[in-house]
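Student: need coordinates for the below:
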Amino acid sequence: MQRIYLDNAATTPLDAEVLEAMMPYLTSHFGNPSSIYSYGRESRLAIENARKSVAKILHAHPAEIFFTSGGTESSNTAITAAVRDLGCKHIITSKIEHHATLHTVEHLYHSGEAALTYVRLLPNGHVDMDDLEKILSSSEEKCLVTLMHANNEIGNILDIHTVGNLCKLYNAIFHSDTVQTVGHFPFDLRNTPVHFITGAGHKFHGPKGVGILYINENVKIKPFINGGSQERNMRAGTENLYGIVGFAKALELATTNYEKESAYIKSLKLYMLEQLKKHIKGVSFNGDPLGNSLYTVLSVSFSKSEKSEMLLFNLDINNICASGGSACTSGADAGSHVIRSINNNPNQVTVRFSFSKENTKEEIDMVVNKLKEII
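Tutor: Residues are numbered from 1 along each chain as shown. I've put the predicted structure just below:
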């Protein structure tokens with residue numbers, strides 16, 4: 001039986017055109033970008049062209065784009081720098097952030113470097129903006145607000161302009177984990193009030209192990225990784241040359257095909273939502289699936305029974321890939337901190353289905369039929 005892959009929020013298959021763009025740098029163009037001879041200069045040029053391309057697409061300045069190993073490193077760098085270099089002694093975040101953010105802020109809190117406050121969430125998983133303003137206005141210390149642009153488990157989208165303007169008003173630093181939205185939505189960073197955003201190539205058909213950190217040009221921070229002058233002294237270590245080339249190519253393809261692909265993927269999500277409602281009793285959806293939400297993610301809760309408790313396992317046996325809340329903890333399922341925070345119902349089993357341009361309606365029909373059988 002063919003494999004049906006519906007876990008695209010965890011990672012996506014590498015696009016053939018992206019691999020093609022990367023190949024020369026995996027084979028003949030292998031020079032170290034820091035070397036001064038032509039081989040090295042060729043590699044350096046490839047990195048700087050990739051930077052220009054990424055900056056242009058995101059409407060940023062090339063000097064604001066730094067290549068990293070992915071979203072986790074980017075978020076760690078931004079959050080730690082906000083506290084250590086920018087004087088933020090109070091971190092405001094939410095309980096449904098990715099662990100790359102949560103574990104970093106917890107570490108800074110436990111080491112006594114910053115106070116930590118969690119903003120209230122509305123029942124649908126969106127951030128309570130009134131509560132955010134209340135925390136900002138009553139804080140005596142300079143604040144770092146770190147809130148993700150779109151949640152990787154339930155798909156809720158934050159209004160980053162509203163949050164950014166609040167941060168401006170109260171002189172706070174704003175970091176947004178945009179890993180689920182870079183490559184999925186158009187960005188105009190020149191007109192977005194944010195200090196740091198992040199991206200990861202493998203979320204939009206690029207390679208794993210490469211990401212970006214956008215640092216607004218008015219922000220001056222120290223490097224998180226020391227040891228060399230790469231990335232304009234911001235990140236030591238020989239650059240992931242073919243990864244960087246692949247990231248830029250994947251972002252370019254995603255941007256070129258955005259209108260068509262996003263409409264198609266959204267139609268798959270809505271189709272699955274309708275089919276599940278029609279065929280499975282007691283099904284419900286987490287977050288705000290028909291409102292301000294990712295077109296790629298559908299978080300579904302099924303009534304708990306002996307059959308549904310083994311749901312992910314049974315889907316896996318049937319060659320269907322999905323995840324229980326977040327991919328980062330699937331397997332030895334510790335349960336999802338996101339679902340616990342917004343829908344702590346012990347009588348439900350939650351599965352996240354996430355879609356890409358490579359999925360089809362036929363696959364969704366097969367999955368819904370299989371779910372009917374299992375449940």
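Student: show me the chain divided up by domain.
Tutor: The chain breaks down by automatic domain parsing into domains covering 4-12+258-374, 16-256.
Student: pick the most buried one from these.
Tutor: Stretch with highest mean neighbour count among the domains of the chain: domain 16-256 (a mean of 19; mean count of other Cβ atoms under 10 Å). (Glycine included, C-beta is placed from N, CA and C.)
Student: quick one: mean pLDDT over it.
Tutor: Across domain 16-256, the average pLDDT comes to 98.
Student: what separates it from the chain centre, distance-wise?
Tutor: Domain 16-256 sits 10 Å away from the centroid of its parent chain (Cα atoms, centre = their mean, to the nearest Å).
Student: also stretch 260-269?
Tutor: 19 Å.
Student: next: stretch 247-257.
Tutor: Between the centre of stretch 247-257 and the centre of its chain there are 16 Å (Cα atoms, centre = their mean).
Student: also stretch 296-304?
Tutor: 19 Å.
Student: got it, and stretch 266-276?
Tutor: Counting by Cα atoms, centre = their mean, stretch 266-276 comes out at 22 Å from the chain centroid.
Student: and for that stretch, what's in contact with it?
Tutor: With contacts defined as Cβ atoms under 8 Å, 6 or more residues apart in numbering, stretch 266-276 is touched by 283, 285, 289-290, 295-298, 300, 353, 355, 359-361, 364-365, 367-368, 371.
Student: ranges for the helices of the stretch 1-150 of the chain?
Tutor: For the stretch 1-150 of the chain, the helices defined by DSSP state H, counting those that start in this stretch occupy 16-26, 38-58, 71-84, 99-110, 129-138.
Student: what helices or strands is the first one leaning on?
Tutor: Okay, so that is helix 16-26. helix 241-256 (3 or more Cβ pairs under 8 Å, 6 or more residues apart in numbering; DSSP states H and E).
Student: picking that back up, out of the helices of the stretch 1-150 of the chain, which gets nearest to Val338?
Tutor: The closest of the helices of the stretch 1-150 of the chain to Val338 is helix 99-110. By Cβ to Cβ, the value is 10.2 Å.
Student: in strands, which of the contacts of stretch 266-276 fall?
Tutor: Those of the contacts of stretch 266-276 mapping onto strands are Phe285, Val297, Leu298, Val300, Phe353, per DSSP state E.
Student: just these now: which is nearest Glu133?
Tutor: In terms of Cβ to Cβ, no member of the ones in strands among the contacts of stretch 266-276 lies closer to Glu133 than Val297, at 27.7 Å.
Student: show me the beta-bridge partners of that closest one.
Tutor: On the basis of DSSP bridges, Val297 takes part in beta bridges with Ser354.
Student: quick one: contacts for it?
Tutor: Contacts of Val297 (Cβ under 8 Å, 6+ apart): Ala9, Ala150, Asn152, Glu153, Ile154, Gly155, Gln180, Lys269, Arg352, Phe353, Ser354, Phe355.
Student: how does it look with 6 Å?
Tutor: Counting by Cβ atoms under 6 Å, 6 or more residues apart in numbering, Val297 touches Ala9, Gly155, Ser354.
Student: for His337, which of the helices of the stretch 1-150 of the chain is the nearest?
Tutor: Using Cβ to Cβ, the helices of the stretch 1-150 of the chain put helix 99-110 closest to His337, at 7.5 Å.
Student: by how many degrees do that closest one and helix 71-84 diverge?
Tutor: Comparing the axes of helix 99-110 and helix 71-84 via axes from the mean of the first three to the mean of the last three Cα atoms, to 10 degrees yields an angle of 30 degrees.
Student: so what does helix 99-110 touch, helix or strand wise?
Tutor: Secondary-structure packing of helix 99-110 (3 or more Cβ pairs under 6 Å, 6 or more residues apart in numbering; DSSP states H and E): helix 71-84.
Student: for the helix it packs on, name the packing helices and strands.
Tutor: Taking 3+ Cβ pairs under 6 Å, 6+ apart as the contact cut, helix 71-84 packs with helix 99-110, strand 196-200, strand 211-215.
Student: now tell me what touches that helix from outside.
Tutor: Taking Cβ under 6 Å, 6+ apart as the rule, helix 71-84 contacts 68, 88, 100-101, 104, 108, 113-114, 144, 146, 173, 175, 177, 179, 196, 198, 200, 211, 213, 221, 224.
Student: so what's the nearest residue to Gly183 once chain neighbours are set aside up against?
Tutor: Leaving aside its sequence neighbours, Gly183 sits nearest to Phe204 (Cβ to Cβ, 6 or more residues apart in numbering; 2.9 Å). Shown in contact with Phe204 (Cβ under 6 Å, 6+ apart): Gly183, Ala250, Ala254.
Student: closest to Lys307 out of those residues?
Tutor: Using Cβ to Cβ, the contacts of Phe204 come closest to Lys307 at Gly183, 36.8 Å.
Student: tell me the contacts of that closest one?
Tutor: Here Gly183 is in contact with Phe204, Leu251, Ala254 (criterion: Cβ under 6 Å, 6+ apart).
Student: pipe the residues you listed into JSON lines and attach distance to Pro62 per row.
Tutor: Listed next are the contacts of Gly183 as JSON lines, based on distance: Cβ to Cβ, whole Å:
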{"residue": "Phe204", "distance to Pro62": "20"}
{"residue": "Leu251", "distance to Pro62": "14"}
{"residue": "Ala254", "distance to Pro62": "19"}
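Student: between those residues, which is closest to Ile244?
Tutor: For the contacts of Gly183, the residue nearest Ile244 by Cβ to Cβ is Leu251; the value is 10.9 Å.
Student: quick one: that closest one from Phe185, how far?
Tutor: 12 Å (Cβ to Cβ, to the nearest Å).
Student: okay then, goodbye and thanks.
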